[in-house]
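In: Predicted structure and sequence below. I'll ask about it afterward.
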Amino acid sequence: MHSTSNQFPTNVREAVLDDQLRLALGRAQTGFVTNRTNAIGALPEFEALRAAAHDVKEHTLAHLDFYLELFEHQATEAGAHVHWAATPEEAREIVLDICRKADARTVTKGKSMVGEEIALNDAMEASGLEVIETDLGEYIIQLSGEPPSHIIAPAIHKTREEIGDLFVRHHAELGFEERTTEAPELVSQARAVLRSEFQRADVGITGANFLVAETGSSVIVTNEGNGDLSNTLPRVHIVTAGIEKVVPSFEDLSTILRLLARSATGQEMSAYTTVSTGPRRQDDQDGPAEFHIVLLDNGRSTMLGGEFRDMLRCIRCGACLNHCPVYNSIGGHAYGWVYPGPMGSVLTPLLLGLDEAHHLPNACTMNGRCEQVCPMSIPLPRMLRALRNREFKRGLGTHRSKLALALWSFAARRPKLYHALSRLAMTTLGWLAGERGAFPWLPLAGGWTSARDLPAPEGETFQARWRRIAGKGR
Ligand code: SF4
């Protein structure tokens with residue numbers, strides 16, 4: 001997927017004016033948040049599980065080399081082929097080579113964020129393969145020629161009405177001429193169309209939610225069962241996964257699984273949890289003849305030794321996106337690459353570089369909600385601040401923001417001057433606002449006032465109020 005993260009300000013301006021996007025996001029997000037709250041409320045041991053999951057991942061990351069080697073050994077013993085890819089280019093080439101050797105023409109794909117990260121679809125289509133996405137959300141955005149906008153709900157930006165129009169355009173020639181906007185009918189239509197694709201696919205590609213070191217297994221968690229059809233029906237199954245997906249044992253896996261669906265969709269468990277260990281054995285009724293696992297580094301081992309190591313605990317549940325006011329206002333496409341929302345605002349600059357994505361860490365109100373809801377206790381706000389520091393030190397901000405920060409820093413280091421300027425600004429702004437009490441427009445605050453009035457200061461600086469309240473308390 002081509003990145004437009006460096007055009008973030010332009011992307012945001014377009015997103016906030018998109019009424020369809022607001023409608024779609026509004027409908028979907030409320031459900032995610034409410035369902036998660038209910039699911040966690042019904043699980044008294046949630047915090048204990050969260051602490052245990054944190055410890056499992058921290059232990060694994062501290063011994064990542066050991067567990068990856070164990071995974072490779074066990075997977076190979078079970079008959080799988082394990083491939084190591086340092087970069088997206090290497091990962092793409094490995095997958096294409098497997099497809100070439102299998103003489104493949106058609107590939108079915110389950111949802112894989114690593115697949116998006118390495119722009120796998122573009123590479124496969126450029127080499128003449130027919131690629132069919134089988135996750136419903138991924139299928140919808142493949143038809144509409146768009147990238148995903150959410151890590152667990154790729155088509156969350158689309159309304160049912162838009163999907164109905166899309167299906168009529170693409171499915172009419174297959175006999176589905178009547179437009180529908182009913183979710184069950186849309187789902188069964190997609191299911192009918194995709195069923196035959198599974199049967200003629202030569203290669204099935206899935207991601208992996210987890211890799212279990214003790215058995216060399218890959219695990220996917222879905223609600224549609226499409227992943228199971230992608231990994232059992234074709235002759236060849238390829239898994240693409242980041243190296244941080246490994247966990248030591250099935251017991252560790254069960255701890256984290258209890259958090260994943262609750263945090264993502266509010267379910268106790270997703271409908272399907274599928275474990276793949278090696279290719280089809282002699283007595284098996286189905287399964288692929290070949291099983292390949294492509295393990296991608298792409299900057300992860302660098303993160304392991306630095307201040308962003310915590311990010312490697314991420315299980316891609318999407319809870320931080322669902323609770324982020326910025327994501328809920330602009331949707332995922334505005335972030336310009338595979339990973340949106342708070343986790344994306346950390347990951348994208350780390351994977352693509354600050355030059356490409358330095359705007360993203362600033363897309364945060366620092367309300368801390370993302371860290372509160374993160375099942376893996378990832379300190380996203382701290383990491384966003386660290387990236388802002390890096391942006392500032394590298395001089396990557398706009399001239400206006402650099403000037404504003406330099407002026408603020410000059411005054412903040414001189415408390416008397418700072419307090420005098422604050423009082424002067426308060427008085428002047430209060431006087432200018434007059435009886436209206438707000439500004440419909442203000443120089444340097446055009447972004448704020450383009451969508452709402454800016455309230456005028458309330459006659460007292462923060463420091464003055466603090467002294468007054470603290471004084472009363474003595
Ligand atoms: S950062 Fe936390 S909340 Fe966000 S996707 Fe990752 S695990 Fe889920």
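Out: Right, received. Where do you want to start? Residues are numbered from 1 along each chain as shown.

In: what number of residues lie near residue 453?
Out: Per other C-beta atoms under 10 Å, the neighbour tally for residue 453 reads 15. No exception for glycine: its C-beta is placed from N, CA and C like everyone else's.

In: Go ahead and confirm it touches residue 442.
Out: No. Using C-beta atoms under 8 Å, residue 453 is not in contact with residue 442, being 9.5 Å away.

In: What strand or helix carries residue 295?
Out: strand 290-296 (DSSP states H and E).

In: which outside residues touch that strand?
Out: 68, 75, 79-85, 88, 91, 94-95, 98, 102, 114, 117-118, 208, 211, 218, 235-243, 276, 278-279 (C-beta atoms under 8 Å, 6 or more residues apart in numbering).

In: which of these count as buried?
Out: Buried by 16 or more other C-beta atoms under 10 Å: 68, 75, 80-83, 85, 88, 91, 94-95, 98, 102, 114, 117-118, 208, 211, 218, 235-243, 276, 278-279, out of the contacts of strand 290-296.

In: In helices only, show me those.
Out: 68, 75, 88, 91, 94, 95, 98, 114, 117 (DSSP state H).

In: Pretty sure the fifth one sits against residue 82.
Out: No. Counting by C-beta under 8 Å, residue 82 is not a contact partner of residue 94; they are 10.6 Å apart.

In: Reduced to three states, what does whatever residue of the stretch 101-250 of the chain ends up closest to the ligand come out as?
Out: Closest approach between the stretch 101-250 of the chain and the ligand, counting by C-beta to the nearest ligand atom: residue 151, at 6.4 Å. Put simply, residue 151 is coil when judged by DSSP: H, G, I helix; E, B strand; the rest coil.

In: so it makes contact with residue 319?
Out: No. Residue 151 sits out of contact with residue 319 when judged by C-beta under 8 Å, with a separation of 10.2 Å.

In: Same drill for those two, tell me which one is more crowded.
Out: The neighbour count for residue 151 versus residue 319, taken as other C-beta under 10 Å, is higher for residue 319 (30 against 24).

In: so who does that one touch?
Out: Counting by C-beta under 8 Å, 6+ apart, residue 319 touches 32, 36, 263, 264, 370, 373, 374, 375.

In: want to throw the residues you listed into JSON lines with neighbour count, secondary structure and distance to the ligand?
Out: Converted to JSON lines, those look like this (neighbours: other C-beta atoms under 10 Å; DSSP: H, G, I helix; E, B strand; the rest coil; distance: C-beta to the nearest ligand atom, whole Å):
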{"residue": "32", "neighbour count": "22", "secondary structure": "helix", "distance to the ligand": "11"}
{"residue": "36", "neighbour count": "24", "secondary structure": "helix", "distance to the ligand": "10"}
{"residue": "263", "neighbour count": "26", "secondary structure": "helix", "distance to the ligand": "6"}
{"residue": "264", "neighbour count": "25", "secondary structure": "helix", "distance to the ligand": "8"}
{"residue": "370", "neighbour count": "27", "secondary structure": "helix", "distance to the ligand": "6"}
{"residue": "373", "neighbour count": "20", "secondary structure": "helix", "distance to the ligand": "6"}
{"residue": "374", "neighbour count": "25", "secondary structure": "coil", "distance to the ligand": "3"}
{"residue": "375", "neighbour count": "25", "secondary structure": "coil", "distance to the ligand": "6"}
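
In: would a markdown table of the residues you listed with distance to residue 167 and pLDDT be doable?
Out: Output for the contacts of residue 319, formatted as a markdown table (distance: C-beta to C-beta, whole Å; pLDDT from 0 to 100):
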| residue | distance to residue 167 | pLDDT |
| --- | --- | --- |
| 32 | 24 | 91 |
| 36 | 29 | 96 |
| 263 | 31 | 97 |
| 264 | 26 | 96 |
| 370 | 34 | 97 |
| 373 | 33 | 98 |
| 374 | 35 | 98 |
| 375 | 34 | 98 |
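
In: closest to residue 126 among these?
Out: Nearest to residue 126, judged by C-beta to C-beta, of the contacts of residue 319 is residue 264 at 32.5 Å.

In: ok, now which ones touch that closest one?
Out: Counting by C-beta under 8 Å, 6+ apart, residue 264 makes contact with 32, 36, 152, 270, 317, 318, 319.

In: Can you tell me, leaving aside adjacent residues, what's nearest to the third one?
Out: What sits nearest to residue 152 in space, not counting adjacent residues and going by C-beta to C-beta, 6 or more residues apart in numbering, is residue 318, at 4.2 Å.
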